[in-house]
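**Q** Here's my sequence, what's the structure:
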Amino acid sequence: MSRAFAVVMMLVILSPLSQAADDAKKVLEKMQGDWTVVSSNEDGKPTPPEEFKKYTITIKGEKFILNNGMGDLPMVIALDPTKTPAHIDLTSPDPKEFPSMTGIYDFRDNTLKIAISEKSMARPKKLNPANGVMLLELKRK
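**A** Residues are numbered from 1 along each chain as shown. Predicted coordinates:
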């Protein structure tokens, strides 16, 4: 195999990966800012508003920062908008304190819907309430 052919093949193979990374950067850029939780559902059951209203989320750079009113929990956010449904991964700096999460999302205008579960479980397939899944609806502040 010639060197030129090998280079062309590498470009063909890596081009979609590069495009996916560019797409993820663009979406993440649009998500930047402060968000409030407007609804929450855990394990198929609605969360009472007094529980989720105290939470805020800030997306800053590649950080997904959850604030529960007593402090911040920064996690690394990774998106893959090329998947259907779009994928989101939240990596905890200390999985013993708070587990890393894997999920799906729908982002339109100023609304972000996320279905997540612990990374040890299967990634949710739908933005529906289910056992082992936390469903969040966020609105931009």
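
**Q** All the helices of the protein, residue numbers only.
**A** Assigned by DSSP state H, the chain shows helices spanning 3-31, 49-52.

**Q** Where among these is average confidence lowest?
**A** With a mean of 67, helix 3-31 has the lowest mean pLDDT of the helices of the chain.

**Q** quick one: the closest residue to Arg140 other than its chain neighbours from Asp22, how far?
**A** Spatial nearest neighbour of Arg140, excluding adjacent residues (CB to CB, 6 or more residues apart in numbering): Asn110 at 3.9 Å. Yep, even glycine has a C-beta here, placed from its N, CA and C like the rest. Distance, Asn110 to Asp22, by CB to CB, to the nearest Å: 23 Å.

**Q** Also Leu136?
**A** 26 Å.

**Q** Is there a neighbour count for Ala122? I'd like the number.
**A** Neighbour count of Ala122, defined by other CB atoms under 10 Å: 10.

**Q** check contacts around it.
**A** With CB atoms under 8 Å, 6 or more residues apart in numbering as the criterion, no residue contacts Ala122.
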